[in-house]
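Trainee: Please work out how this folds:
(2 chains)
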Amino acid sequence: MTRIKRNVRFVFVLFCGLFLSLLGYLTYFQVYERQKLIESSYNRRLWEQEEAVTRGTIYDAKGRVLAKTVEENGAKKRIYPGGEAFGPLIGYSSKKLGRANLEQALNGELLGISQQDPMMVLRQKVLGVSRGNDVYLTVDSELQNRAYQLFSGRRGALVALDPKTGAVLALVSSPGYDSNSIEQRWELLSKDEKSPLLNRAIQGLYPPGSTFKIVTLAAAFESIPDIESRTYETPGQVVVNGRVIRDYEGFRPGKYDIKKAFSLSSNSVFVKVGLEVGKERLYAKAEDFGFNERISFELPVSTSRFPRFSLMGDDVELAEASIGQGKILATPLQMALVASAVANGGRIIKPYIVQKVVTPLGEVKNFSSPVFLKEPIDIMTANKISEYMVDVVEHGTGRAAGIKGIKVAGKTGSAENPHGKPHAWFVGFAPADDPKIAVAVVVENAGSGGTNAAPIARDVMWQYLKGLK
Amino acid sequence: MDSREEAIYNRSLTAMALVGFLSFLLLSAYRKPVTFLPFYGALAFLTVVFLGYFFTGWVLPNSDKFLFLLSSFLAQLGLIMLCRINPELFKRQVVFFALGVGFFILISFFTKYLLRLELAPFFYWAVTVVLLLLPLLFGVEKGGAKNWLVFDGFTFQPSELAKITFAFYLAGVLKNGRIDSFPRMATEILTVVGLLAISKDLGGAMLFYFTALIVIFVATSRPDIMAVGCFSAAILGVSGYYLFDHVRVRIEAWLNPWKDVPGRGYQIAQSLFAIAEGGYFGTGLGLGRPDFIPAVATDFIFSAFAEEFGFLGAAAVVLMYFLLVYRGIRIALRLQRNFEILLAVGHTVMFGMQIFTIIGGVIKLIPVTGVTLPFMSYGGSSMVMSFASLGILNGLWQSALEGEDDDED
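Mentor: So this is what the prediction gives:
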């Protein structure tokens, strides 16, 4: 073959490459870029869709309407029957203000544009369907309302979930707002010092205080084999590098084993335990439980933080970390996952709030199969911690969470913070031997967790368990 | 021709006619009120296809029939989109198509005489330069580039014809397999490219430049020239980015269209939205929103097609263009004389590069430069000259086959 023909073949190979790159890029585009572009707010198809399509309805777990679109004098209007308890969860969809929370996160489904199945799309186009999909949540609106009322206007949040499936049963942020009047009250709400627009349950970051002792305890069980046979003598305080860390008022100095120390939430004992566990292992355990990691959820969740210790004064930092103080910050959702890990034999199931999506033609997209997320502790440790947490509610600081006839497990916390009185915390689950509900409650600047947060958790758990019977 | 091959051609023709009838019937029914314009248009179009096909077979039995079938099929897909976008353009495009087919047959027939003339390469170069100078002197601006001539409301894009003369020039100047005077040739080629750049036809400039590079490589087997050429192109591109606003706009829109969607990134963003909407199977003919895409009848017709016919349709179109390129290469490989080989390669490369440039541009693989998609985009000059180009390939193919027959005698 002449050289020139060899070169012609080379040109052919070059064109094979060029055309393959076209096909390759088109494929890449369909696989990775497509969905993002369809839902891009610049996409005019989306605006058209908004005009033409009636937004789908949002239901709670029992089919009660939380948001729906109605025609009023020819104009479409979105109404929210849920009231204030649902504002920070459901959010709003308004031409003037845009969208927020679930209305934003589920926009694609509610407008019916995140449809993947081409036959379904074609059928809807041909049949002229102009309704988006309906979304069913896992939230029980009675439970949500009850929980919201328990805060009676105080700032705080509550997360309740089914530890075995990850289904979110209630996601409360207080104070809330009524989505129906968002446009009229926008000025007021956006400037309110209590920031009602913030969803504290997933976006609020608080020092977890003594509820974090669950993590410290888990690390201790795994790294100090004889911990249960030890006793700790404490004068009611401990000094680390000159920093004095006290037990709470009313804690009697004396000899405690680890169970009693957990039950009565002794800071001095847990600082000693934490120092023995060591910074690396405590850090690793916190990450096992999901700290420093983004929780994948339908709504954006703030990442809970357990900072790497700095080189200077790390013993003080470690001591504070062992009792959930210092630079540790957690969302109520994160602490609910810690409780549900203990409740579920050590396994964290991915939390979710959308149970199913139903298209106008009746197709159902189900999202309720449990997705295993991580296993921070083994089942033996989980059972032991559960037993300790039961003791907290039966004999310790969490007695206000006790329910007659039901074994409740829990842990209180009173988190010191620079804004005033401690944040009151309670995390727990019930019934302890077959957990159906795990909760985390925080009430901002309310004082002790045992008196301010535990009763809320108690009522919510009781309400839910009563409903199951 | 053997009958098995004949059967394949006939099947292709039938498939094409079926696709056409179905699509145009759908378009007729879909428009409210129902009009028969698409249907009549389709009848006229298919009549031209059948006449063209059988007439070519009759006067030029040695034709490469796939050239005609593939290009007609692509033209049909373009017409379907045009009919859906704008029936006025559709009507005119059917006429352009008929004209194109006429040119295809004429040029297929006359190529061998043209080859015998053996005009000097300088002549072709001069014609190319004049063609590119005309719009600069007397032309009007359209879509940012000044490369149009207007006579009596009749517009013509001389750069489309220049593609053909430029391919002749390249084949002529390189037919001995070496470069007689590198400075002279470099000056001549850069003059042509420079003229295109001055008229702000960046796509055209790129096309001519790379075609020249590849043809030089084929003729001389010198990868060093190709490497230096690519390197200079990179330098030119970077300096163009800093020196000229219209270059910068395009490159920025390519790198990050999302930074300024309402402004610089508008075109490409709308194109990508359309392709995204199409997904794998497309929205279906008539159910997309080509009206959102700017320049949809010309530069961005591929995006509109991808929206309604989906990834599968778009991939099929890319493959059909690839087959056309393959046919061009096949013809080049059958030819004997250097001049003819280079001429076939020049046309094929020009054609293939153009397709890559525009499809790659609208899918954001490379920056968008306004060139047309041959056979599919709306436009008489593009349609007629693309067919003329195929006519030359077909003419070369016949002369190759006739040459082989002579050898056998």
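
Trainee: what about the helices in chain B?
Mentor: In chain B, the segments counted as helices under DSSP state H are B:3-30, B:37-59, B:65-85, B:87-117, B:121-138, B:158-173, B:182-198, B:202-220, B:223-243, B:245-255, B:266-278, B:301-334, B:338-362, B:380-408.

Trainee: Just put those helices in a markdown table and tack on mean pLDDT and distance to residue A:169.
Mentor: C-beta here means a position set from N, CA and C on the backbone, and glycine is covered the same way. Shown next, in a markdown table, are the helices of chain B (pLDDT from 0 to 100; distance: least, C-beta to C-beta, whole Å):
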| stretch | mean pLDDT | distance to residue A:169 |
| --- | --- | --- |
| helix B:3-30 | 87 | 49 |
| helix B:37-59 | 89 | 57 |
| helix B:65-85 | 93 | 51 |
| helix B:87-117 | 92 | 58 |
| helix B:121-138 | 90 | 72 |
| helix B:158-173 | 93 | 68 |
| helix B:182-198 | 92 | 67 |
| helix B:202-220 | 93 | 60 |
| helix B:223-243 | 90 | 57 |
| helix B:245-255 | 85 | 47 |
| helix B:266-278 | 91 | 37 |
| helix B:301-334 | 95 | 42 |
| helix B:338-362 | 95 | 49 |
| helix B:380-408 | 86 | 64 |
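
Trainee: Now distance to chain A and mean neighbour count too, for these, in a markdown table please.
Mentor: Shown next, in a markdown table, are the helices of chain B (distance: least, C-beta to the nearest C-beta, whole Å; neighbours: other C-beta atoms under 10 Å in any protein chain shown):
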| stretch | distance to chain A | mean neighbour count |
| --- | --- | --- |
| helix B:3-30 | 11 | 15 |
| helix B:37-59 | 19 | 17 |
| helix B:65-85 | 14 | 24 |
| helix B:87-117 | 17 | 18 |
| helix B:121-138 | 17 | 18 |
| helix B:158-173 | 11 | 25 |
| helix B:182-198 | 18 | 17 |
| helix B:202-220 | 4 | 24 |
| helix B:223-243 | 9 | 13 |
| helix B:245-255 | 13 | 16 |
| helix B:266-278 | 4 | 25 |
| helix B:301-334 | 5 | 22 |
| helix B:338-362 | 5 | 25 |
| helix B:380-408 | 13 | 21 |
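
Trainee: With distance to residue A:366 added, can I get these in JSON lines?
Mentor: Below are the helices of chain B laid out as JSON lines (distance: least, C-beta to C-beta, whole Å):
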{"stretch": "helix B:3-30", "distance to residue A:366": "36"}
{"stretch": "helix B:37-59", "distance to residue A:366": "43"}
{"stretch": "helix B:65-85", "distance to residue A:366": "38"}
{"stretch": "helix B:87-117", "distance to residue A:366": "46"}
{"stretch": "helix B:121-138", "distance to residue A:366": "62"}
{"stretch": "helix B:158-173", "distance to residue A:366": "56"}
{"stretch": "helix B:182-198", "distance to residue A:366": "58"}
{"stretch": "helix B:202-220", "distance to residue A:366": "50"}
{"stretch": "helix B:223-243", "distance to residue A:366": "51"}
{"stretch": "helix B:245-255", "distance to residue A:366": "41"}
{"stretch": "helix B:266-278", "distance to residue A:366": "26"}
{"stretch": "helix B:301-334", "distance to residue A:366": "27"}
{"stretch": "helix B:338-362", "distance to residue A:366": "38"}
{"stretch": "helix B:380-408", "distance to residue A:366": "51"}
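
Trainee: Looking at those helices, spot the one closest to residue A:427.
Mentor: helix B:266-278 (43.5 Å; C-beta to C-beta).

Trainee: Now do that closest one: everything it contacts.
Mentor: For helix B:266-278, contacts defined as C-beta atoms under 8 Å, 6 or more residues apart in numbering or on different chains pick out A:26, A:29, A:33-35, A:37-38, A:40, A:42-45, B:253-254, B:257-258, B:261, B:283, B:288-290, B:292-295, B:300, B:303-304, B:306-311, B:314, B:362-364, B:368.

Trainee: OK, now which residue of the stretch 51-200 of chain B is nearest to chain A?
Mentor: residue B:177 (6.8 Å; C-beta to the nearest C-beta).

Trainee: which residues touch the most centrally placed residue in chain A?
Mentor: In chain A, the centroid-proximal residue (C-alpha atoms, centre = their mean) is residue A:333; its distance is 2.8 Å. Counting by C-beta under 8 Å, 6+ apart, residue A:333 touches A:159, A:171, A:201-202, A:295, A:297, A:301, A:351, A:440.

Trainee: wait, is it part of a helix?
Mentor: Yes - counting by DSSP: H, G, I helix; E, B strand; the rest coil, residue A:333 is located in a helix.
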